[in-house]
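Q: requesting a structural model of the entry that follows:
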Amino acid sequence: KNKEAFFVFWDEDGSGELEKGEVVRAIIKTFNLEFVDFGRVAAIRSVIYAIWNVFDDDGSGGISREEFLRRDGLADTLLAQVESGL
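A: Below you'll find the model as predicted:
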C-alpha cells in the first residue's frame with residue numbers, strides 16, 4: 001500500500017510520469033493476470049484508457065507523481081478497485 005514506492009517502481013523509464021502502458025503492466029503483473037484471463041486484461045486496459053484524462057490534470061499524457069498521489073488520485077482509485085476485487 002505504499003503509493004510512493006509503487007509510483008517509483010512502475011515508472012519504468014524514469015520520466016517522473018506514469019504512462020498508460022506502465023499502469024496496465026503494473027496491474028497485470030501485480031495481480032499475476034498475464035496468463036490468467038485475457039478478457040480481464042483487455043477490460044483493465046480499456047478502463048485505464050477510459051479514465052486516464054480524469055487524473056491527467058495537465059493534459060501531458062502521463063500521470064505525474066502529484067496526480068498519482070493526491071487525495072482521490074489514480075493511486076487511491078486503483079486501491080479502491082483492488083479492495084473491491086478489481
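Q: how about the strands of this protein, start to end?
A: Taking DSSP state E as the criterion, the chain carries its strands at 17-18, 63-64.
Q: what about the last one, average pLDDT?
A: When you say that, I think you mean strand 63-64. Across strand 63-64, the average pLDDT comes to 97.
Q: contact partners of it?
A: Identification of contacts with strand 63-64 by CB atoms under 8 Å, 6 or more residues apart in numbering yields 16-19, 23, 52, 55-56, 58, 74. Where C-beta positions appear, they are placed from N, C-alpha and C, glycine not excepted.
Q: pull the contacting residues for D58.
A: By CB under 8 Å, 6+ apart, the neighbours of D58 are 64, 67.
Q: may I have the phi/psi pair for it?
A: phi -90, psi 0 (degrees, to the nearest 10).
Q: how much space separates it from Q81?
A: 23 Å (CB to CB, to the nearest Å).
Q: for K3, same thing?
A: 14 Å.
Q: in this protein, where is pLDDT below threshold?
A: 1, 35-36, 85-86 (pLDDT under 70).
Q: now the helices for this protein?
A: 3-10, 20-30, 38-55, 65-69, 74-83 (DSSP state H).
Q: now these in a markdown table, with mean neighbour count?
A: As requested, the helices of the chain are exported to a markdown table (neighbours: other CB atoms under 10 Å):
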| stretch | mean neighbour count |
| --- | --- |
| helix 3-10 | 14 |
| helix 20-30 | 16 |
| helix 38-55 | 13 |
| helix 65-69 | 17 |
| helix 74-83 | 15 |
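Q: ok, E66 to E83 distance?
A: E66 is 23 Å from E83, by CB to CB.
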